[in-house]
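Chemist: Generate coordinates for the sequence data below:
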Amino acid sequence: MKRSKRLSCLFLAILMICCLCSTSAFAANNTVKAYKQYTVLGDSIPAGYGPYNYEHKGYAKIPVSYPGLVADKVAEDYIPLARTGFRTAELRYMLEDDYEGDPYLFRIGKTSPEDIYLHRPEYKPAIAESDLLTLGIGSNDILNYGMIRAIDASKDPMITNKVREILEESGDYMQALSTLLTLTSAVESVSGIVTGFIQGMSEGYLNFMKNWECIMEDIYTLNPDVTMVVVGMYNPLKTTKLLDSSLITIGRAFDMITAGMNTFMKQGSRYSDRYLFVDTVQTEIYDLPALTDGMYMDMLLGMVHPTKAGHRYIANEILNVLNVSDTVEEPVVLDVSPKYLDLTDHTAFVSGYSDGSFRPGNSATRAEVASMLCSLLAEEPADTSAVSFSDISGHWGERQIKAVSSLGIMQGYSDGTFRPDTTITRAEFATIAAYLFDDVETKSVPFSDTSGHWAETYIAKAYSQGLIAGYADGTFKPDRNVTRAQLVAILNRAMGRDPDIKSIAYFMEESSFGDVDPSAWYYNDVMEASNSHSYKTNKDVEMWTGVEN
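Modeler: The predicted structure follows:
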């Protein structure tokens with residue numbers, strides 16, 4: 001998809017953040033749904049974990065995930081009980097009061113005791129009361145045992161201790177594996193580790209089959225008549241190269257293991273004739289860097305998950321076996337491009353203050369907006385002599401104000417002033433948005449507070465182009481200010497600049513600003529906007545490849 005065709009939907013998405021409204025991003029569907037209650041069971045894939053969502057590790061509806069998409073089509077009520085790191089052992093533990101698990105219970109993904117305490121009581125009632133279940137699980141079963149046996153095969157105590165330390169701190173078994181292989185230089189040692197990994201995967205496969213039968217018995221004892229869809233496995237390492245030479249890979253071995261697990265789920269289980277099976281081997285995932293690439297460990301855990309297109313593919317396969325003719329389509333976007341702006345070079349377009357702060361909650365001034373827009377221009381106008389505001393001479397933003405004003409992107413007031421230090425309002429920014437993007441047919445707006453406003457026409461244009469949204473109470477609040485954090489988020493989306501946070505973390509050891517915390521919702525956007533960088537596009541995400549500041 002061309003970058004320009006993504007812009008309006010991205011713009012809309014972030015302006016909805018600015019609205020701070022509580023309504024869903026999806027329109028309400030009043031059609032009677034086929035299923036009253038839909039419960040989702042499984043691991044990080046149905047949990048919706050990936051580059052589009054690193055915050056929620058489970059027990060939440062992620063709209064772009066395949067369960068979220070299926071729920072919107074067929075279910076009145078949705079209960080998400082999938083969790084990152086879950087194997088069949090963890091799921092079985094949640095279903096059986098007398099099952100104690102294995103020595104590695106809840107080690108992957110660092111499931112907290114609070115998670116178990118809060119959510120374990122939900123599983124059995126949810127299954128018993130649901131008329132639709134989907135279950136997607138298995139990858140962690142074989143990866144967990146593969147990792148354990150790979151560590152056992154290492155002959156270097158220093159390396160082994162380092163790997164175990166990673167597992168203890170983060171539960172990130174794939175980071176531990178890549179660390180193990182990166183630190184192990186001797187080819188014969190690497191071969192032994194890979195052999196151990198493959199043997200461990202086989203061991204995990206045997207445990208998977210044993211636990212699977214117990215889980216099926218638990219589910220059908222609780223709800224004999226439930227409609228259940230089992231989501232098969234794809235190879236999460238199909239794009240993985242362990243070494244640059246490509247002499248040693250685990251992707252091919254994983255193909256054999258996943259094929260065996262899919263065959264077992266489809267026809268080898270004694271419960272196979274009771275559930276529907278969905279084959280997902282063609283699921284699209286991201287392109288992983290080579291193992292020897294320094295970014296591999298940072299990228300791996302997110303990139304082995306489905307892309308948004310991959311989730312749509314799985315959702316449609318589920319709808320197909322449920323005989324639902326209505327499919328999940330690729331999002332429709334307007335074919336619009338912003339005037340004058342450079343969509344290719346990801347140069348910094350915002351900076352902080354002399355005291356090292358960014359002040360994300362401060363309302364953005366008109367001069368700051370002009371400065372940001374000027375930095376995004378494909379070419380700054382050579383002649384701005386026609387611009388003559390009475391209050392910008394000597395102002396720090398004089399050049400930038402003249403540049404964007406000469407192109408018509410921003411305008412002054414009837415008294416000949418620009419008012420550079422006045423904060424910008426939603427109406428003013430809607431006016432800028434309407435001008436930057438090509439016009440489409442103007443529609444009537446649903447806002448109750450824009451009729452007669454000076455920006456009424458511009459708000460209507462921006463709304464018709466899908467560039468703005470209102471609040472849940474039906475208002476637009478045109479005179480409310482926009483904060484600096486909101487502004488950089490808006491401009492990033494308008495420019496199609498939406499990077500994977502893991503790639504930012506690889507290049508940014510710490511925040512550029514003392515008041516921008518890495519846990520803040522705007523951290524990713526501030527880093528993107530304030531650091532010039534090279535990048536490449538990996539399916540539906542932007543990955544940094546270098547910082548040029």
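Chemist: Helix, strand, or coil at K124?
Modeler: For K124, the assignment made with DSSP: H, G, I helix; E, B strand; the rest coil gives helix.
Chemist: got the contact list for it?
Modeler: Each residue near K124 by C-beta atoms under 8 Å, 6 or more residues apart in numbering is listed here: 95, 222. In short, each C-beta sits where N, CA and C put it, glycine included.
Chemist: Repeat that for R120.
Modeler: Contacts for R120 (C-beta under 8 Å, 6+ apart) come out as 93-94.
Chemist: What residues of the helix or strand M147 falls within count as buried?
Modeler: Remark: M147 resides in helix 139-153, with elements defined by DSSP states H and E. Within helix 139-153, the residues that count as buried by 16 or more other C-beta atoms under 10 Å are 139-151, 153.
Chemist: Could you do stretch 313-324 as well?
Modeler: 313-319, 322.
Chemist: Next step: these restricted to strands.
Modeler: Taking DSSP state E, every one of these sits outside strands.
Chemist: Tell me which two of these sit farthest apart.
Modeler: Distance extremes for the buried residues of stretch 313-324: the farthest pair is Y313 and L322 at 15.2 Å, using C-beta to C-beta.
Chemist: Could you tell me which residues make contact with I257?
Modeler: 142, 201-202, 205.
Chemist: Please disregard the earlier target; I meant H453.
Modeler: Per C-beta under 8 Å, 6+ apart, neighbours of H453: 427, 459, 478.
Chemist: Average pLDDT for the helix or strand hosting G260, rounded please.
Modeler: Using DSSP H and E, G260 sits in helix 251-263. The average pLDDT for helix 251-263 rounds to 83.
Chemist: Okay, buried residues for the helix or strand following it please.
Modeler: Tracing the chain past helix 251-263, the next element assigned as helix or strand by DSSP H and E is strand 276-278. Within strand 276-278, the residues that count as buried by 16+ other C-beta under 10 Å are 277-278.
Chemist: Output the contacting helices and strands for strand 276-278.
Modeler: Here strand 276-278 touches strand 227-231, helix 308-321, going by 3 or more C-beta pairs under 8 Å, 6 or more residues apart in numbering; DSSP states H and E.
Chemist: Give me the residues contacting it.
Modeler: Contacts of strand 276-278 from elsewhere in the structure, counted by C-beta under 8 Å, 6+ apart, are 227-232, 265-266, 314, 317-318, 321-322.
Chemist: list the helices and strands the helix or strand where L91 lies packs on?
Modeler: Applying DSSP H and E as the criterion places L91 in helix 88-95. Judged by 3+ C-beta pairs under 8 Å, 6+ apart, helix 88-95 is in contact with helix 113-129, helix 187-222.
Chemist: One more pass at 10 Å, please.
Modeler: Packing partners of helix 88-95 (3 or more C-beta pairs under 10 Å, 6 or more residues apart in numbering; DSSP states H and E): strand 35-42, strand 75-82, helix 113-129, helix 139-153, helix 187-222.
Chemist: Just put these in CSV and tack on mean pLDDT and distance to E379.
Modeler: Listed next are the helices and strands packed on helix 88-95 as CSV, based on pLDDT from 0 to 100; distance: least, C-beta to C-beta, whole Å:
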stretch, mean pLDDT, distance to E379
strand 35-42, 98, 50
strand 75-82, 97, 48
helix 113-129, 93, 53
helix 139-153, 77, 49
helix 187-222, 83, 51
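Chemist: Among those, which comes closest to S388?
Modeler: S388 sits nearest to strand 75-82 of all those, at 58.6 Å, using C-beta to C-beta.
Chemist: Just want the angle from the closest one to helix 113-129.
Modeler: Calculated by axes from the mean of the first three to the mean of the last three C-alpha atoms, to 10 degrees, strand 75-82 forms an angle of 140 degrees with helix 113-129.
Chemist: how about strand 75-82: buried residues?
Modeler: 75, 78-82.
Chemist: Looking at the residues you listed, which is nearest F447?
Modeler: Closest approach to F447 among the buried residues of strand 75-82 (C-beta to C-beta): Y78, at 30.1 Å.
Chemist: Please name the nearest non-neighbouring residue to that closest one.
Modeler: Leaving aside its chain neighbours, Y78 sits nearest to A71 (4.1 Å; criterion: C-beta to C-beta, 6 or more residues apart in numbering).
Chemist: That neighbour: neighbour count?
Modeler: The local packing of A71 (other C-beta atoms under 10 Å) involves 24 other residues.
Chemist: who does the helix or strand where it lies touch, helix- and strand-wise?
Modeler: Mapping A71 onto the secondary structure by DSSP H and E places it in helix 66-74. If contacts are counted by 3+ C-beta pairs under 10 Å, 6+ apart, helix 66-74 sits against strand 35-42, helix 44-47, strand 75-82, strand 132-136, strand 227-231, helix 308-321.
Chemist: mind redoing it with 6 Å?
Modeler: Counting contacts by 3 or more C-beta pairs under 6 Å, 6 or more residues apart in numbering; DSSP states H and E, helix 66-74 packs against strand 35-42, helix 308-321.
Chemist: ok, then the element right after the longest one?
Modeler: Spelled out, that is helix 308-321. Using DSSP H and E, the first helix or strand after helix 308-321 is helix 366-375.
Chemist: contacts for that next one?
Modeler: 349-350, 397, 400-401, 403-404, 409-410, 420, 422, 424 (C-beta atoms under 6 Å, 6 or more residues apart in numbering).
Chemist: Make a PyMOL selection of the buried ones in these.
Modeler: Buried members of the contacts of helix 366-375, defined by 16+ other C-beta under 10 Å, are picked up in PyMOL with:
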select buried, resi 349+350+397+400+401+403+404+409+410+420+424
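Chemist: for the contacts of helix 366-375, which one is nearest E122?
Modeler: V350 (43.7 Å).
Chemist: For the nearest residue to the closest one once chain neighbours are set aside, list the residues it contacts.
Modeler: In space, and not counting its chain neighbours, V350 is closest to A529: 4.6 Å by C-beta to C-beta, 6+ apart. A529 makes contacts with 349-350, 488, as judged by C-beta under 6 Å, 6+ apart.
Chemist: Show me how this protein divides into domains.
Modeler: Using automatic domain parsing, the domain parsing of the chain gives 35-321, 366-547.
Chemist: Okay, now the shortest one: how far is its last residue from its first?
Modeler: To tie it back to what came earlier, the one meant is domain 366-547. Using C-alpha to C-alpha, to the nearest Å, the end-to-end distance of domain 366-547 comes out at 28 Å.
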